[in-house]
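Asks: Take this sequence and fold it.
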Amino acid sequence: MAVACAIVGLDLIQKDWIEALRNAGGTDWFKIVAVGKRNLSEAREVGQMFDVPFYADLRRMLLETAPQMVLLDRPADMALEFIEACVQQNIAIFSLGPPVKTLEEARRLSILVEPRTHLLYSWPRFSCSWGFGQARQTENFFRGVQFVGGQWSAANHAVARVRGVTEGAVRSLSVLAWDAFRSIIEIVGLPAALYAAIDGTNGQQDSFIDVTGNVGVVMRTLDGATIVLQISDQETSLQREISIANREGRLKLSDLNYRWASARDNIIDTDSTPPLSGALQALRELENFCHHFTAPASPHRGWPHLLPETAAMMTTMIVSHRTGMAESPQHFHHLNR
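Replies: Below you'll find the model as predicted:
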């Protein structure tokens, strides 16, 4: 049965997602039933593109069109209550970027979903990429990690408009940082210390949703591993690369490539996969999400959301930049619990 989807907040610059949604709408597993945006003229433009009803009143949209999922690029003026209302009605959220703006929101939303859930997925997610999947099959992948280095880059919406970018555009650097930090948590857990320097705009008050520009991050785990990340929303394409080293060797991963070498740099295993267009990759993400949403309940259904942990790292990044000192993600994670 086709999953009924409402589209909320999608920006017209996200041409790969628009094409993917059009293609998905022609299948037997997906259908678009409504478009929502606070700005009625923008809602009309997107709604007419898909030939579906459009709404500025999002609660009315839920009542009148009864979607089963919402593809959400969360607008700045959207309150968390809309997302909470969806989850409480078993309406799944496919979020283009962080679904929450603050650590407090992350804690609120995490109460409503299981630690592993089919009701919430955030894109982009490097841990679901082909390269990361290959690494998971390596027996010693997560053992005794000593160093992690990574780079995340893409164009934010403003940069994409100026440079004519049609694939992989993200709302802001916050989208990339959320993905990068979530990946680090899956590899080494929540770091003990984090130092960040942002060249660009940073969050307002306690919000981490509107960071743009470039950021350098250095972290250290309780076990003494070092993590170094470079993140930028000033580039022209979505690219993610990571290198993981331990005493046995080094793994180098990207979305399309995987290389495992010994400590003496003798190649143990290497592989790659052909690139896909942004629209085809987005279509596969949608299809996988709908597969999990409609699958019978099982321990393998859905994804760990890691909301409080990832939000703690985002908060630490903002605070560290403001104080000019290393701060503790674990402190923020446990604060006021």
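Asks: quick one, strands of the stretch 151-300 of the chain?
Replies: 193-201, 212-220, 226-232, 234-246, 249-254, 257-262, 267-272 (DSSP state E, counting those that start in this stretch).
Asks: Same question for the stretch 1-150 of the chain.
Replies: Ranges of strands within the stretch 1-150 of the chain are 3-8, 30-36, 54-55, 69-72, 92-96, 116-117, 120-123, 147-155, based on DSSP E, counting those that start in this stretch.
Asks: ok, residue 324 - how many residues close by?
Replies: Here the number of neighbours of residue 324 (other C-beta atoms under 10 Å) works out to 9. Placement of C-beta: from N, CA and C, glycine included.
Asks: tell me the mean pLDDT for the helix or strand encompassing residue 319?
Replies: Using DSSP states H and E, residue 319 falls within helix 307-323. Mean per-residue pLDDT for helix 307-323: 96.
Asks: Please compute how far it lies from its chain's middle.
Replies: 16 Å (C-alpha atoms, centre = their mean, to the nearest Å).
Asks: Helices of the stretch 1-150 of the chain, start to end?
Replies: Assignment of helices within the stretch 1-150 of the chain using DSSP state H, counting those that start in this stretch yields the ranges 15-24, 40-50, 58-65, 80-88, 103-112, 130-136.
Asks: in the shortest one, what's buried?
Replies: Same thing as helix 130-136. Going by neighbour count (16 or more other C-beta atoms under 10 Å), the buried part of helix 130-136 is 130, 131, 132, 134, 135.
Asks: would you turn the strands of the stretch 1-150 of the chain into TSV with distance to residue 251?
Replies: Shown next, in TSV, are the strands of the stretch 1-150 of the chain (distance: least, C-beta to C-beta, whole Å):
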stretch	distance to residue 251
strand 3-8	35
strand 30-36	35
strand 54-55	46
strand 69-72	32
strand 92-96	28
strand 116-117	25
strand 120-123	23
strand 147-155	10
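Asks: Which one of these lies nearest to residue 235?
Replies: Residue 235 lies closest, by C-beta to C-beta, to one member of these: strand 147-155, at 4.0 Å.
Asks: who wins for proximity to residue 197 among the helices of the stretch 1-150 of the chain?
Replies: helix 103-112 (20.7 Å).
Asks: what are the C-alpha coordinates of that closest one, in PDB please?
Replies: What follows is helix 103-112, C-alpha atoms only, in PDB (Å, rounded to 0.1, in the frame of the first residue of the first chain):
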ATOM      1  CA  LEU A 103      19.000  20.200  23.500                       C
ATOM      2  CA  GLU A 104      15.700  20.700  25.400                       C
ATOM      3  CA  GLU A 105      13.700  19.900  22.200                       C
ATOM      4  CA  ALA A 106      15.800  16.800  21.600                       C
ATOM      5  CA  ARG A 107      15.000  15.600  25.100                       C
ATOM      6  CA  ARG A 108      11.300  16.300  24.600                       C
ATOM      7  CA  LEU A 109      11.100  14.500  21.300                       C
ATOM      8  CA  SER A 110      13.100  11.500  22.500                       C
ATOM      9  CA  ILE A 111      10.500  10.800  25.200                       C
ATOM     10  CA  LEU A 112       7.900  10.200  22.400                       C
END
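Asks: Can you name every helix or strand that that helix contacts?
Replies: Counting contacts by 3 or more C-beta pairs under 8 Å, 6 or more residues apart in numbering; DSSP states H and E, helix 103-112 packs against helix 80-88, helix 307-323.
Asks: where's the next helix or strand after the longest one relative to the chain centroid, distance-wise?
Replies: Going back to what we said before, that points to helix 307-323. The helix or strand immediately downstream of helix 307-323 is helix 329-334, counting by DSSP H and E. Here helix 329-334 is found 21 Å from its chain centre; the criterion is C-alpha atoms, centre = their mean.
Asks: Equivalent analysis for stretch 226-242, please.
Replies: Distance of stretch 226-242 from the chain centroid (C-alpha atoms, centre = their mean) equals 13 Å.
Asks: Just the CA trace of it, in CSV.
Replies: The C-alpha trace of stretch 226-242 is given here as CSV (Å, rounded to 0.1, in the frame of the first residue of the first chain):
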residue,chain,number,x,y,z
THR,A,226,41.5,12.1,19.1
ILE,A,227,38.8,13.3,16.6
VAL,A,228,39.3,16.2,14.1
LEU,A,229,36.5,17.4,11.9
GLN,A,230,36.3,20.0,9.2
ILE,A,231,32.7,21.0,8.2
SER,A,232,31.6,23.6,5.6
ASP,A,233,28.4,24.6,3.9
GLN,A,234,30.3,26.8,1.4
GLU,A,235,31.2,24.1,-1.2
THR,A,236,29.4,23.0,-4.3
SER,A,237,28.5,19.3,-3.6
LEU,A,238,27.7,17.0,-0.7
GLN,A,239,30.9,15.2,0.2
ARG,A,240,31.7,13.1,3.3
GLU,A,241,35.0,11.4,4.1
ILE,A,242,36.3,9.9,7.2
